[in-house]
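K.L.:
can you look at this prediction? I've put the sequence above it.
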Amino acid sequence: MNKVIKYVVYDIIRNRFVISYTVLLLLISLAFFGFEADPNKGLLSLLNIILMVVPLVSIIFTTIQFYNSYEFLELLSAQPISRKTIFFSQYWGVSISLSLAFLIGVGLPTYIFEGSVSGLILVLCGLLLTLVFVSLAFLASAITKDKAKGIGISLGIWFYFTIVYDGFVLTALLSFSDYPLEKATLFFTALNPSDLARILVLMKLDISALLGITGAIFQQFFSSNLGFTVAIILILFWILSPILLAFRIFNKKDL
């Protein structure tokens, strides 16, 4: 497995798109920290970019990479290599490559300009979101052999989590505002890894006014340490569940 992972990582890090993605994140990070006198404002500005750009790039690039590597997967399947090794080698290869791009583009400037706990949590959340949307991309790719459909599913997933979700939650909360919705709000929060990542960062920045309805209630019912632990566990669930389901589908389908 290690040899296949190394090959996938080496192939992806030479990709012009990944290099451009790394440079773009680096320039954005340097710009935000350079223009803002307060490092916390730089983190907030960077958080907004991370919540939109990182999931989009992770899920679309991974989906395209999966379909472009299909012939390579077929070649490997003809060798005495288990499908588990083939599948997870691809997964870890893509995950490591995009994580390295994120660490260079965001992690390095954040550590230099704001190496506090808040900055480290921001980087951690960015890495976790990368893994979440890579997992979701593998699931979308495993569902169908049609590249166009796979990309469409991936775009739909990204659109739901970053744009549509908050509208649904806000509508539900306003429609049933006369009822106790604390537990329901926590449930809604667990359904969106991007929202969980935003809450983690804003909790450490102690800016409750910017948390929104779901985040404010989340912080109200949990202390910082407990809330952090619960959010991390939920995000890990979002990483593991899609990739395990994707492997189950991949393991049964004909290549």
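P.N.:
Noted; the coordinates are in hand. Numbering: from 1, shown residues only.
K.L.:
from now on I want contacts and neighbour counts done on CA atoms only, so please keep to that.
P.N.:
Noted.
K.L.:
where does the stretch 1-150 of the chain have low pLDDT?
P.N.:
1, 37 (pLDDT under 70).
K.L.:
so which residues of it form helices?
P.N.:
Counting by DSSP state H, counting those that start in this stretch, the stretch 1-150 of the chain forms helices over residues 2-13, 16-35, 39-68, 70-77, 83-102, 108-113, 117-143, 147-159, given from the N-terminal end onward.
K.L.:
hey, which of those is tucked in deepest?
P.N.:
Mean neighbour count, computed with mean count of other Cα atoms under 10 Å, is highest for helix 117-143 among the helices of the stretch 1-150 of the chain, reaching a mean of 24.
K.L.:
distance from it to the middle of the chain?
P.N.:
Mean-position distance between helix 117-143 and its chain equals 2 Å (Cα atoms, centre = their mean, to the nearest Å).
K.L.:
what of stretch 226-234?
P.N.:
Stretch 226-234 sits 16 Å away from the centroid of its parent chain (Cα atoms, centre = their mean).
K.L.:
wait, residue 204 sits on residue 120?
P.N.:
No - no contact is recorded between residue 204 and residue 120 when judged using Cα atoms under 8 Å, the distance being 10.1 Å.
K.L.:
among the helices of the stretch 1-150 of the chain, which is nearest residue 227?
P.N.:
Distances from residue 227 to each of the helices of the stretch 1-150 of the chain were compared using Cα to Cα; the minimum, 13.4 Å, belongs to helix 117-143.
K.L.:
packing partners for that closest one?
P.N.:
In this structure, helix 117-143 makes packing contacts with helix 39-68, helix 83-102, helix 108-113, helix 147-159, helix 193-205, helix 224-252, judged by 3 or more Cα pairs under 8 Å, 6 or more residues apart in numbering; DSSP states H and E.
K.L.:
what about 7 Å?
P.N.:
Identification of packing neighbours for helix 117-143 by 3 or more Cα pairs under 7 Å, 6 or more residues apart in numbering; DSSP states H and E yields helix 39-68, helix 83-102, helix 147-159, helix 193-205, helix 224-252.
K.L.:
any chance of the ones you listed in a markdown table, with distance to residue 115 too?
P.N.:
Formatted as a markdown table, these follow (distance: least, Cα to Cα, whole Å):
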| stretch | distance to residue 115 |
| --- | --- |
| helix 39-68 | 10 |
| helix 83-102 | 16 |
| helix 147-159 | 30 |
| helix 193-205 | 13 |
| helix 224-252 | 19 |
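K.L.:
which among those helices is found nearest to residue 125?
P.N.:
helix 193-205 (5.4 Å).
K.L.:
next, the angle helix 147-159 makes with the closest one.
P.N.:
Between helix 193-205 and helix 147-159, the angle formed by their directions is 30 degrees, by axes from the mean of the first three to the mean of the last three Cα atoms, to 10 degrees.
K.L.:
ok, now which ones touch the nearest residue to residue 138 once chain neighbours are set aside?
P.N.:
If you skip the residues right next to it in sequence, residue 138 has residue 246 as its closest partner in space, 6.1 Å away by Cα to Cα, 6 or more residues apart in numbering. Residue 246 sits next to 138-139, 142 when contact means Cα atoms under 7 Å, 6 or more residues apart in numbering.
K.L.:
same question for residue 26.
P.N.:
With contact taken as Cα under 7 Å, 6+ apart, residue 26 is in contact with 105-106.
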